[in-house]
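Asker: One predicted model, sequence on top.
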Amino acid sequence: MRVSNSALGLSLALVAVSCSNNVAHGFTASPAVSAKGGSSRIIQHNNMMRRKHQLLQMSAVEDGVETSSSSASASSSNRTGRSQVEINNELQSGRTLEGGATMDFAGVKDKASRSERALAEARVEFLGGGSATAAYGKDEDGVRLIGINDEVVKEVGREVGQFVTAYDKGTVQGCAEWLRSQAPAGLFQTKPASSSVSGGTDDAYAVAYAAATSTPTTPPSAEQIETYKKLLGEAYEESGVVTEAFAKTFYLGTKLMPPAAQRAIWAIYVWCRRTDEIVDAPRQPDDPDMLTDLSAWEIRTENLWKYGEVVDVLDLPLLDVRVNYPNLEITPFADMVRGMLMDIPDLGQDRYDTFDELHLYCYRVAGTVGLMSMPIFGCAQGFTEEEAKEPALSLGVAFQITNILRDVGEDATTRGRVYLPQKDMERFGVTEQQLFDQKVDENYISLMKYEIDRARMYYERAKRGVPMLSPESRLPVQSSLDCYGKILDKIEENGYDSLTKRAYVSKWEKLFEIPFSWYRTQEIAKVLPLPWDSAKEEENKSLSPSP
């Protein structure tokens, strides 16, 4: 995806930005083989992959949709797999929030669309046992986990999750059972013994899980509980390592949070990261179909919410978050999966005609992460999550627009994608070929100025939400907001050239910004704002919501 805190959910929107740096282009994990020489990854038969592709082609013909793959020479009218009717159906289902600039698309999906039908087909196929992935292999045997591929290993500098092999088999499920026992009454249902998390009927994992959750068990001993706490702590630390490797600005913000909130945000980030990798990572010829992986991942998330079910050790932190924050809804997680669908060739969208269309994408890949984090940060006295939602979603839009403006050249030349609204490009006389040729002229500069003004307008709307946060959450959110917003300044310093230059804010610049971010969260800042903030405020008064 182009996949990237709290009542406001502000800071964690960076998660989506970090995730979305890499999503958007169709992918999953590399073949996984047990480090102990165990069973290799179960692969989908090639004839099944061909059949699914044929189904997509047939569906496209029925819907009158072009299915040619996107490329650097793609036509500006090429939407890949989404028809205008499908797009309009979803846009009309959005809810305009206070101020009129931000839309809430929570739970919006067109069940009749090609992408939803394809995902539903993959779900039926998966649950029927037609294919399965290593995601549901036994990570305790050293099998690489779903969403952890060569790219992730390279960024982290080592294999991820391997610490679990130091524990006895069954410890992950024992820890999950212990966590479920700590949950508020009624949070989880008991899963039927016949249900299978990984497709088919002869699933050893499903049998073991059903046995652990459907029959009375002896409470764990004090020694076992200490083991479970140690395992959970290591899983959280591993989540922090992954977060730092992929989202350095965001990770810096989390270090300013209370420990419990910090770890919870890491857990959510890892879920987002793995979701992104399922869609965007390179696939080998024998890898399972990506839609099958994505539908399996969605089922897996649903089962965690409904039953408290985990599959591998990296699920444990998210289960713990679910237990500790029972009002955390699954809706933004499901919506992010829809954001993944928008980036899948033959099903998604690689051109956006208007900003409204791009707004839906921004919500799904960035705004959702803000909503995921709202319960964790909490609201200040006198404010509700509903009041904080508009600033949270505004920041998601701001972050994602910033991300898009930073990567215009890279998206065009390496992925054949153009996220800039087509109507905006036409308005300023900028062509797609100009983006592919990486030609910066006055027309392009004018377009960038326009889009930067729009992004800053959303940042201004987002800033209103910082005081709505619980006091301990304000600094990390304000810091993340300030540091990421400086990317726009860097684009300006580069002469608005985001075709051949990448706007970059150094670590030292981010650290230098933190004291000023802290000052902005104090009451005195309302009376005595920083001099440069006063100047910006006057300048931003001229910014109004852009169509």
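Answerer: Cool, got the structure. Numbers count the residues shown, from 1 in each chain.
Asker: Quickly note the distance from the nearest residue to Y363 once chain neighbours are set aside to W271.
Answerer: Nearest residue to Y363 in three dimensions, chain neighbours excluded: F105, at 4.5 Å (C-beta to C-beta, 6 or more residues apart in numbering). Backbone N, C-alpha and C define where each C-beta goes, glycine included. Separation of F105 from W271 (C-beta to C-beta, to the nearest Å) stands at 20 Å.
Asker: least trustworthy helix or strand in this protein by mean pLDDT?
Answerer: Scoring the helices and strands of the chain by mean pLDDT, DSSP states H and E places helix 13-20 at the bottom, with a mean of 40.
Asker: By residue count, which helix of the protein is the longest?
Answerer: Secondary structure assigned by DSSP state H gives helix 222-246 as the longest helix of the chain.
Asker: which strands and helices sit next to the very next helix or strand once past it?
Answerer: As assigned by DSSP states H and E, the chain's next helix or strand after helix 222-246 is helix 248-254. Secondary-structure packing of helix 248-254 (3 or more C-beta pairs under 8 Å, 6 or more residues apart in numbering; DSSP states H and E): helix 13-20, helix 222-246, helix 259-280, helix 471-493, helix 507-520.
Asker: how about a cut-off of 6 Å?
Answerer: The helices and strands touching helix 248-254, judged by 3 or more C-beta pairs under 6 Å, 6 or more residues apart in numbering; DSSP states H and E, are helix 471-493.
Asker: For the helix it packs on, which residues meet the burial criterion?
Answerer: Within helix 471-493, the residues that count as buried by 16 or more other C-beta atoms under 10 Å are 473-488, 490-491.
Asker: Report all helices and strands that it contacts.
Answerer: Under the contact criterion of 3+ C-beta pairs under 6 Å, 6+ apart, helix 471-493 touches helix 248-254, helix 385-406, helix 507-520.
Asker: Comparing those helices, which comes out most buried?
Answerer: Most buried of the helices and strands packed on helix 471-493 by mean neighbour count (mean count of other C-beta atoms under 10 Å) is helix 385-406; its value is a mean of 27.
Asker: so what does that one touch, helix or strand wise?
Answerer: Under the contact criterion of 3+ C-beta pairs under 6 Å, 6+ apart, helix 385-406 touches helix 13-20, helix 368-377, helix 442-463, helix 471-493.
Asker: out of the helices and strands packed on helix 471-493, which comes closest to E98?
Answerer: helix 385-406 (5.2 Å; C-beta to C-beta).
Asker: to the chain's geometric centre, what's the distance from the helix or strand that the closest one is followed by?
Answerer: Later in the chain than helix 385-406, the nearest helix or strand by DSSP H and E is helix 408-415. Relative to the chain's own centre, helix 408-415 is displaced by 20 Å; criterion: C-alpha atoms, centre = their mean, to the nearest Å.
Asker: if we can go back for a sec, pull out the buried residues from the longest helix of the chain.
Answerer: Result for helix 222-246 [16+ other C-beta under 10 Å]: buried residues 227-228, 231-232, 234-236, 238-246.
Asker: Let me see the contact set for S239.
Answerer: Contact analysis of S239 by C-beta atoms under 6 Å, 6 or more residues apart in numbering lists W266, A267, V270, P317.
Asker: Could I get those in TSV, plus columns for distance to K306?
Answerer: Shown next, in TSV, are these (distance: C-beta to C-beta, whole Å):
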residue	distance to K306
W266	23
A267	18
V270	20
P317	18
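Asker: Of those, just say which sits nearest to F436.
Answerer: V270 (35.0 Å).
Asker: still on that earlier bit, how close does the residue nearest to Y363 sit to L97?
Answerer: Taking C-beta to C-beta, one finds F105 at 11 Å from L97.
Asker: Same check on T171?
Answerer: Per C-beta to C-beta, T171 is found 45 Å from L97.
Asker: how far does stretch 402-421 sit from the chain's center?
Answerer: From the chain centre to the centre of stretch 402-421 is a distance of 18 Å (C-alpha atoms, centre = their mean).
Asker: got the buried residues for it?
Answerer: For stretch 402-421, burial by neighbour count (16+ other C-beta under 10 Å) applies to 402-409, 411-413, 415-421.
Asker: what about that stretch, how long is it end to end?
Answerer: Counting by C-alpha to C-alpha, to the nearest Å, you get 14 Å between the two ends of stretch 402-421.
Asker: and it, average pLDDT?
Answerer: In this model, stretch 402-421 has an average pLDDT of 93.
Asker: Same question for stretch 465-476.
Answerer: When pLDDT is averaged over stretch 465-476, the result is 89.
Asker: now do stretch 429-440
Answerer: Mean predicted confidence for stretch 429-440 is 96.
Asker: In three-state terms, label G100 for me.
Answerer: coil (DSSP: H, G, I helix; E, B strand; the rest coil).
Asker: Tell me how far it lies from R461.
Answerer: The spacing between G100 and R461, counted by C-beta to C-beta, is 10 Å.
Asker: for A183, same thing?
Answerer: 36 Å.
Asker: quick one, which of the two is more surrounded?
Answerer: R461 (23 against 16; other C-beta atoms under 10 Å).
Asker: Please verify my assumption that the more buried one contacts L393.
Answerer: No - if you go by C-beta atoms under 6 Å, R461 and L393 don't touch, sitting 9.1 Å apart.
Asker: Now do the helix or strand hosting L358, average pLDDT.
Answerer: Here L358 sits within helix 355-362, counting by DSSP H and E. Helix 355-362 carries an average pLDDT of 94.
Asker: from now on call the first residue 41
Answerer: Got it, first residue is 41 now, which makes that one helix 395-402.
Asker: ok, back up a step: make CSV from the helices and strands packed on helix 425-446 and add distance to D352 to it.
Answerer: What follows is the helices and strands packed on helix 425-446, written out as CSV (distance: least, C-beta to C-beta, whole Å):
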stretch, distance to D352
helix 53-60, 19
helix 408-417, 20
helix 482-503, 35
helix 511-533, 28
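Asker: phi, psi of L509?
Answerer: Backbone torsions of L509, given as degrees, to the nearest 10, read phi -80, psi 160.
Asker: What count of nearby residues applies to it?
Answerer: Residues lying near L509 (other C-beta under 10 Å) number 30.
Asker: Could you verify my assumption that it touches G418?
Answerer: No - checked against C-beta under 6 Å, the pair L509 and G418 is beyond contact range at 7.2 Å.
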